[in-house]
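next input, structure requested:
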Amino acid sequence: MFGALIIVFREVIEAGLIIGIVLAATRGISGRGHWVAAGVLLGTLGAGIVALFAEAIANAFEGSGQELLNASVLGAAVVMLMWHTVWMARHGREMAAEMAAVGAAVSAGKRPMTALVVVVGLAVLREGSEVVLFLYGIFAGGASGSSLFIGGVLGLAVGAAFTALTYYGLVSIPPRHIFTATTVLIALLAAGMAAQAVQYLDAAGVIHVLSHQLWDSSPWLPQDGIIGHVLHTLIGYTDRPTELQLIAYLATLTAMAALAWLAAPTRARRVPA
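So this is what the prediction gives:
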């Protein structure tokens with residue numbers, strides 16, 4: 001549930017920022033809300049279609065190579081989380097500027113109102129499609145459908161409320177602080193997914209290396225307990241990890257930290273002499 005909440009919260013904020021920029025740039029135009037709402041609706045429908053295809057693929061492989069499918073989905077989710085973090089760090093400001101330019105062009109009459117539908121719809125579709133992949137990755141890692149649903153609804157509600165309060169100036173928390181906190185949580189979530197992916201590959205008989213169990217913490221912190229389940233969802237905790245799982249976990253954290261550092265602006269990476 002917590003993993004779904006974090007993912008959905010982060011994606012809703014990102015889509016909400018785009019929508020807020022477009023609304024701010026078109027302030028005073030009659031009917032802008034209807035066009036933006038149409039874009040949100042179309043983007044949501046597109047993400048729903050992506051979700052239907054994901055479910056169809058999963059059902060097609062049910063009982064035949066399910067471990068390989070789960071490992072593939074988890075691996076794809078890890079790669080997407082890495083790419084998403086780096087892309088937003090590098091191009092987030094550029095994208096915001098482009099959205100503001102589109103809104104200004106619509107306000108000046110240089111572009112039709114349908115442009116609002118396109119830019120908002122694509123933003124919602126992009127973030128919604130990522131939510132589908134990430135949530136399926138969490139589901140493949142063993143989370144229940146009910147917990148994903150509850151976490152997703154909570155993340156949607158909290159993200160939408162935070163975005164609305166920010167837009168109306170009622171919240172003074174800079175978005176960069178929220179993104180920093182969620183980036184750390186997403187890195188831990190991705191590391192846990194990577195560890196689970198290699199576990200599935202081992203169960204499918206694809207890999208047979210570094211399979212020695214490092215420790216057994218199940219007597220005092222079982223993975224299927226309440227605390228263990230929460231830690232498993234948030235940071236990928238496993239009570240009986242293998243050597244390969246630990247390597248995959250640490251390698252993913254290291255890669256995400258390095259990519260985030262490389263993607264940061266040069267002035268932010270400069271170390272004082």
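
who's in contact with the most centrally placed residue in the chain?
Central residue of the chain (Cα atoms, centre = their mean): residue 7, 4.3 Å from the mean position. Neighbour list for residue 7: 131, 134-135, 138, 155, 186, 189 [criterion: Cβ atoms under 8 Å, 6 or more residues apart in numbering]. Bear in mind the C-beta positions are built from the backbone N, C-alpha and C, glycine included.

for residue 85, same thing?
Applying Cβ under 8 Å, 6+ apart, one finds that residue 85 lies in contact with 183, 186-187, 256, 259-260, 263.

still on that earlier bit, wasn't the residue nearest to the centre of the chain part of a helix?
Yes. Checked against DSSP: H, G, I helix; E, B strand; the rest coil, residue 7 lies within a helix.

can you give me the helices for the stretch 51-200 of the chain?
Along the stretch 51-200 of the chain, the segments classed as helices by DSSP state H, counting those that start in this stretch run 66-107, 114-140, 145-167, 175-203.

figure out which of those helices is closest to residue 224.
The closest approach between residue 224 and any of these, judged by Cβ to Cβ, belongs to helix 145-167 at 13.4 Å.

please identify the buried residues of the closest one?
With burial defined by 16 or more other Cβ atoms under 10 Å, the residues of helix 145-167 counted as buried are 147-148, 151-152, 154-156, 159-160, 162-163, 166-167.

next, the angle helix 114-140 makes with it.
Angle, helix 145-167 to helix 114-140, by axes from the mean of the first three to the mean of the last three Cα atoms, to 10 degrees: 140 degrees.

widest-spaced pair of the contacts of residue 85?
Farthest apart among those by Cβ to Cβ are 186 and 263. That separation is 14.0 Å.

among the contacts of residue 7, name the buried ones.
Using 16+ other Cβ under 10 Å, the buried ones in those are 131, 134-135, 138, 155, 186, 189.

which one of those is nearest residue 38?
Checking these against residue 38 with Cβ to Cβ, the nearest one is residue 131 at 20.2 Å.

before we move on, back to that, output the contacts of residue 7 in CSV, with pLDDT appended to each entry.
Shown next, in CSV, are these (pLDDT from 0 to 100):
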residue, pLDDT
131, 77
134, 70
135, 76
138, 69
155, 82
186, 77
189, 79
